[in-house]
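Visitor: sequence? don't have it. structure:
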């Protein structure tokens, strides 16, 4: 047990936590935009999966920078499909999200088979890895150096996007409109807010950020693609959104918790703990978070009902 704890409680583990939290955080910020606007986007998983494939496929024949651009493009394409189905054809957003996830899973396997002759993974010579950023002397600092040194640019971008997300939500005209649409869409429409445009922009933003998430997942260290490699991370991002109710700082904290659970699962496996048991860790944390979030929602609903009854009695 002591040996396992020594493996978990290290500065290196903190760096792994940050790296593993980054795809979830990027996807959660993207999904946060739609959540604040009244759309629970469960298609994050499929958008991440598609972006991971396009990032590797394009990056392997060009360079990692173009691979990231391609990853964003692949996810945005699925986001466009989501937006058209939900906003134009008025399809239920949950049904559309499930369809996006199934579509991405099927298309990536099809492309793997057609392009590489293998439905499971890209060949060993198809690689695209994002270069880590060496901080030089700063990297030698205790804890901070181990945490931040040799991380990819997308890790830094994800951390930067948290205050950007806050600023957009609470300090811009678009953020005011987005929150108004999410809180009371008919009232926002009556006030002249362009509801369809606001929702469309939020969906496209979620796709772009899922593109960055998929690029980080596939290109940060592995540099290759395997079928269904997202392994539920998009759904974990949805759980983080629900738990944090779309708020920036709680979203960051929730994603770090989920990333820590994933990193601890890896360390437990290295420490000799049954791998199947250790892999359950992130999903157990997810279930606990959703249970807490559901309890909070029910408690808030009871409070509103109680106040309404009191006002009616008065």
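Guide: Thanks, I have the structure now. No experiment lies behind these values; they were computed from the predicted model shown.
Visitor: was I right to think residue 22 contacts residue 158?
Guide: Yes - the criterion here is C-beta atoms under 8 Å, and residue 22 meets it with residue 158 at 4.7 Å. Where you see a C-beta, it was placed from the backbone N, CA and C, and this is true even at glycine.
Visitor: joint contacts of these two?
Guide: Shared contacts of residue 22 and residue 158 (C-beta atoms under 8 Å, 6 or more residues apart in numbering): residue 216.
Visitor: longest helix in the protein, please.
Guide: helix 281-313 (DSSP state H).
Visitor: quick one: mean pLDDT over it.
Guide: Across helix 281-313, pLDDT averages out at 73.
Visitor: okay, and for this structure, where does confidence drop off?
Guide: Within the chain, the stretches with pLDDT under 70 are 1-12, 268-279, 281-282, 297, 308, 312-314.
Visitor: cutoff 50 now
Guide: Filtered on pLDDT under 50, the chain yields the residue ranges 1-2, 4-5.
Visitor: go through stretch 113-130 and flag the buried ones.
Guide: 116, 122, 126, 128-130 (16 or more other C-beta atoms under 10 Å).
Visitor: and for stretch 138-152?
Guide: Buried, per 16+ other C-beta under 10 Å, within stretch 138-152: 145-149, 151-152.
Visitor: show me what contacts residue 161?
Guide: Applying C-beta under 8 Å, 6+ apart to residue 161 gives the contacts 25-26, 29, 209.
Visitor: can you pick the most crowded of these?
Guide: The most neighbours of any of the contacts of residue 161, using other C-beta atoms under 10 Å, belong to residue 209, which has 32 neighbours.
Visitor: where does that residue fall, secondary structure wise?
Guide: helix 195-219 (DSSP states H and E).
Visitor: counting contacts, what elements does that helix pack onto?
Guide: helix 11-36, helix 44-61, helix 64-83, helix 153-171, helix 173-183, helix 185-190, helix 233-244 (3 or more C-beta pairs under 8 Å, 6 or more residues apart in numbering; DSSP states H and E).
Visitor: helix 195-219 and the fifth one, what's the angle between them?
Guide: Between the direction of helix 173-183 and that of helix 195-219, the angle (axes from the mean of the first three to the mean of the last three C-alpha atoms, to 10 degrees) works out to 100 degrees.
Visitor: so how far is helix 173-183 off the chain centroid?
Guide: 21 Å (C-alpha atoms, centre = their mean, to the nearest Å).
Visitor: what do you get for stretch 132-143?
Guide: For stretch 132-143, the distance from its own C-alpha centre to the chain's C-alpha centre is 27 Å (C-alpha atoms, centre = their mean).
Visitor: just the buried residues of stretch 160-167, please?
Guide: Quick answer for stretch 160-167 (16+ other C-beta under 10 Å): 161-162, 165-166.
Visitor: oh, that last question was meant for stretch 242-257, not what I typed.
Guide: Buried, per 16+ other C-beta under 10 Å, within stretch 242-257: 242-244, 246-248, 251-252, 254-257.
Visitor: make a markdown table out of the residues you listed and add secondary structure and distance to residue 41.
Guide: A markdown table is the format used below for those (DSSP: H, G, I helix; E, B strand; the rest coil; distance: C-beta to C-beta, whole Å):
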| residue | secondary structure | distance to residue 41 |
| --- | --- | --- |
| 242 | helix | 11 |
| 243 | helix | 15 |
| 244 | helix | 15 |
| 246 | coil | 11 |
| 247 | coil | 16 |
| 248 | helix | 17 |
| 251 | helix | 14 |
| 252 | helix | 19 |
| 254 | helix | 16 |
| 255 | helix | 16 |
| 256 | helix | 21 |
| 257 | helix | 21 |
